[in-house]
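Asks: return atomic coordinates for the entry below.
(one chain, ligands or ions: 2)
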Amino acid sequence: FSNPTCAPGRYTITHLFEWKWTDIADECEKFLGPYGYCGVQISPPNENRVVTSPNRPWWERYQPVSYKLVTRSGTEAEFRNMVDRCNKVNVRIYADVVINHMTGGGSGSGTGGSHYDGGSLSYPGVPFSSWDFNAGSECHSGDGDIHNYNDPNEVRNCRLVSLRDLKMSKDYVRDKVADYMNNLINIGVAGFRVDAAKHMWPGDLRAVFGKLHNLNTKYFNSGQKPFIFQEVIDMGGEAIKAAEYTPIARVTNFIYGIKIADVFRGNNPAKYLKNWGSAWGMPSPFDVVVFIDNHDNQRGHGGGGGVLTHFEHRAYKMATAFMLAHPYGFTRVMSSYDWPRNIVNGEDKNNWYGPPHNGDMSIKGRSIKADLSCGNGWTCEHRWRQIYNMVAFRNLVFGTTVNNWWDNGNKAIAFSRGNRGFIVINDDTADVNANLQTGLPQGTYCDVISGNYENGACTGNEVHVGGDGRAHFHISHQSEDPVVAIHIGKLL
Ligand code: LAG
Ligand code: CA
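Replies: Ligands and ions are numbered 1, 2, ... in the order given. Prediction:
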């Protein structure tokens, strides 16, 4: 399950957090396909609890009510249409599956009209009843909630923030979950982000994944398995380790964004990135999905703050450029919406804010500006030139290694990817003014950070590589984008 199921030549996904299915379908055709993205991680597609206090927070989607495909993102028909249209332009859909638990306490109806009662553990839309949940015989924490992250049994059998914990050791539960995932596979999704994987036993996950069909041959070669990445938050200090899950499928690497934030905030000189990867205590590159931030830690949820986000755009763009230029891991670009941050005593009081919406609370579509960026409250980091051009860079240099490493002994670095691409990043407090070995063939290249290569001309800075492979780089430390990236696809 660790092989990304991208179409050939594509190596990065983007998380279109809280987007509508109709918008994603359009985005696949107009942007993600043409600009070389592999796929989209979508918000959970199954029916969830409708939370009105606060009013429709993003996190209501992490409280499943049933596996019907009806959410704020759209109907089942819209979902099917999106999957079909995206696959047709070689863009894959990766579904976020919430299978560890159902809702918290309370009762009501979900986004698809199904009834739920978290008090009596009744979910007729599946159906699940009290037999299907962990209880006192499995969870020994006293109040039924998770408190002690040093006790693996408690983390896996008790309730995460009071969410009703499914008894995944039961065949019936395994079957219902596998049926849901197989329904998505049959519709044409290419894989899954498995929510809260740390809160499920590796053996139970292995059993569920073992029931999964191969991908739909309407879009994929026969015999292809879904790509699975398990959300395991392992920062090193707890009983449960990512290594328990990597033999099953990939895991999300949360240490990555923390360490990268440290570097691009200038707290750890960039020169140390020379041996970035497993030497930094991180898993094998083939076992991980890497990202600068995700929908949780960008707002202080899910164990964390401290990561760079679109709010710190300068450092964020540098960090993302490094991530996409470096071969370590399978890359995911976060795509966010804006919200009015209100940090009081280190906590964002508005971290629950849902997506941009209309008066009736339906999700607002994104609008597109002349420079390809988004409006209507959508941040669309995946449409920032400094980011989408590095997605193309990554596609172009795939399979090469890091060569021609250079650093100034401090916070400015440069490296090539084989003889196909070269990047210089100046995170220092002085200009970079240097003649560097790029490893590239002689020619005039277009810097894809400062501009685009359009109709045979470069709208940004040109870089002249001589017959000896050397080129001169001047990067002001005051630049909004103190990065230059060139590759053989943009040779003038
Ligand atoms: C995840 N990964 O393991 C998701 O990435 C994360 O976004 C989910 O939590 C979590 N697991 C459960 O799927 C989010 C919010 C929580 C929220 C939860 C359920 O970070 O804050 O809890 O979704 O909606 C909310 C309230 C809690 C309350 C709970 C149950 O914040 O105070 O106890 O609902 O009513
Ligand atoms: Ca559990």
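Asks: what residues are up against the closest residue to Y316 other than its chain neighbours?
Replies: Of all residues not flanking Y316 in the chain, L308 sits nearest, at 4.7 Å (Cβ to Cβ, 6 or more residues apart in numbering). Every C-beta, even on glycine, is put in place using the N, C-alpha and C of the backbone. Contact analysis of L308 by Cβ atoms under 8 Å, 6 or more residues apart in numbering lists G257, I260, A261, F264, R265, I292, D293, A315, Y316, A319.
Asks: list the buried residues in the helix or strand hosting A471.
Replies: Per DSSP states H and E: A471 is located in strand 470-475. Applying a neighbour-count criterion of 16 or more other Cβ atoms under 10 Å, one finds R470, A471, F473, I475 buried in strand 470-475.
Asks: next, the distance between the ends of stretch 69-85.
Replies: 17 Å (Cα to Cα, to the nearest Å).
Asks: ok, now stretch 398-410?
Replies: Note: stretch 398-410 ends 28 Å apart using Cα to Cα.
Asks: which residues touch it?
Replies: 9, 11, 269-271, 274, 326-327, 413-422, 428, 432, 434, 436-439.
Asks: OK, contacts around Q63?
Replies: Neighbours of Q63 in contact, by Cβ under 8 Å, 6+ apart: N48, R49, V51, V98, H101, M102, T103, G104, L163.
Asks: mind doing that once more with 6 Å?
Replies: N48, R49, T103 (Cβ atoms under 6 Å, 6 or more residues apart in numbering).
Asks: report the entries of those that also contact ligand 2.
Replies: Among those, no residue sits close to ligand 2 (Cβ under 5 Å from the ion).
Asks: returning to that earlier point: now the contacts of L308 in TSV, with pLDDT, secondary structure and neighbour count?
Replies: Below are those laid out as TSV (pLDDT from 0 to 100; DSSP: H, G, I helix; E, B strand; the rest coil; neighbours: other Cβ atoms under 10 Å):
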residue	pLDDT	secondary structure	neighbour count
G257	97	helix	25
I260	98	helix	26
A261	97	helix	23
F264	98	helix	26
R265	96	coil	14
I292	98	coil	28
D293	98	coil	28
A315	98	helix	18
Y316	98	helix	23
A319	98	helix	23
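Asks: from the residues you listed, pick the one nearest S336.
Replies: Set against S336, the nearest of these by Cβ to Cβ is D293 (8.4 Å).
Asks: so does stretch 289-300 get close to ligand 1?
Replies: Yes. Contact of stretch 289-300 with ligand 1 (Cβ under 6 Å from any ligand atom) involves D296.
Asks: what's the neighbour count on whichever residue of the stretch 1-150 of the chain sits closest to ligand 2?
Replies: Using Cβ to the ion, N100 is the residue of the stretch 1-150 of the chain that sits closest to ligand 2, at 4.7 Å. The number of residues packed near N100 is 26, by other Cβ atoms under 10 Å.
Asks: that one and K198 touch, don't they?
Replies: No. In this structure N100 lies outside contact range of K198 using Cβ atoms under 6 Å: 8.9 Å.
Asks: what residue ranges in the stretch 101-250 of the chain score low on pLDDT?
Replies: For the stretch 101-250 of the chain, no stretch is flagged by pLDDT under 70.
Asks: mind listing what's buried along the host helix or strand of W406?
Replies: Element membership for W406, per DSSP H and E: strand 402-407. Under the neighbour-count criterion of 16+ other Cβ under 10 Å, strand 402-407 has V402, N404, W406, D407 buried.
Asks: parallel or antiparallel, which strands does the next helix or strand after that strand pair with?
Replies: With elements assigned by DSSP H and E, the helix or strand that comes after strand 402-407 is strand 412-417. Looking at strand 412-417 with DSSP bridges, its partner strands are strand 402-407 (antiparallel), strand 421-426 (antiparallel).
Asks: for the longest helix along the chain, packing partners?
Replies: When the chain is parsed with DSSP state H, its longest helix is helix 171-187. With contacts taken as 3 or more Cβ pairs under 6 Å, 6 or more residues apart in numbering; DSSP states H and E, helix 171-187 sits against helix 202-209.
Asks: let me see the ranges of the helices in this protein.
Replies: Under DSSP H, the chain gives helices at 21-27, 76-88, 152-157, 171-187, 202-209, 254-264, 313-325, 385-397.
Asks: need the ones you listed in TSV with distance to G443, can you?
Replies: Below are the helices of the chain laid out as TSV (distance: least, Cβ to Cβ, whole Å):
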stretch	distance to G443
helix 21-27	34
helix 76-88	36
helix 152-157	55
helix 171-187	45
helix 202-209	47
helix 254-264	30
helix 313-325	19
helix 385-397	15
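Asks: compare these and give me the one nearest T246.
Replies: helix 202-209 (9.8 Å).
Asks: tilt between that closest one and helix 171-187?
Replies: Angle between the axes of helix 202-209 and helix 171-187 is 50 degrees (criterion: axes from the mean of the first three to the mean of the last three Cα atoms, to 10 degrees).
Asks: name the residue of the stretch 201-350 of the chain that lies nearest to ligand 2.
Replies: W201 (7.9 Å).
Asks: near ligand 1, which residues of the stretch 351-492 of the chain are found?
Replies: Counting by Cβ under 6 Å from any ligand atom, the stretch 351-492 of the chain has no residue next to ligand 1.
Asks: follow-up on the earlier one: from the buried residues of strand 470-475, which single one is nearest ligand 1?
Replies: I475 (36.9 Å; Cβ to the nearest ligand atom).
Asks: surely that closest one and A434 touch.
Replies: No. With contacts counted by Cβ under 6 Å, I475 stays clear of A434, the gap being 8.9 Å.
Asks: pull up the overlap in contacts between those two.
Replies: With Cβ under 6 Å, 6+ apart, I475 and A434 have no common neighbours.
Asks: distance-wise, check the residue of the stretch 201-350 of the chain closest to ligand 2 relative to H147.
Replies: W201 sits 19 Å away from H147, going by Cβ to Cβ, to the nearest Å.
Asks: which one's more surrounded, the two?
Replies: Ranked by neighbour count (other Cβ under 10 Å), W201 and H147 place W201 first, with 15 against 11.
Asks: residues contacting that one?
Replies: R156.
Asks: please repeat the previous calculation with a cut-off of 10 Å.
Replies: The contact partners of W201, by Cβ atoms under 10 Å, 6 or more residues apart in numbering, come to P152, N153, R156, N157, M168, S169, A207, E244.
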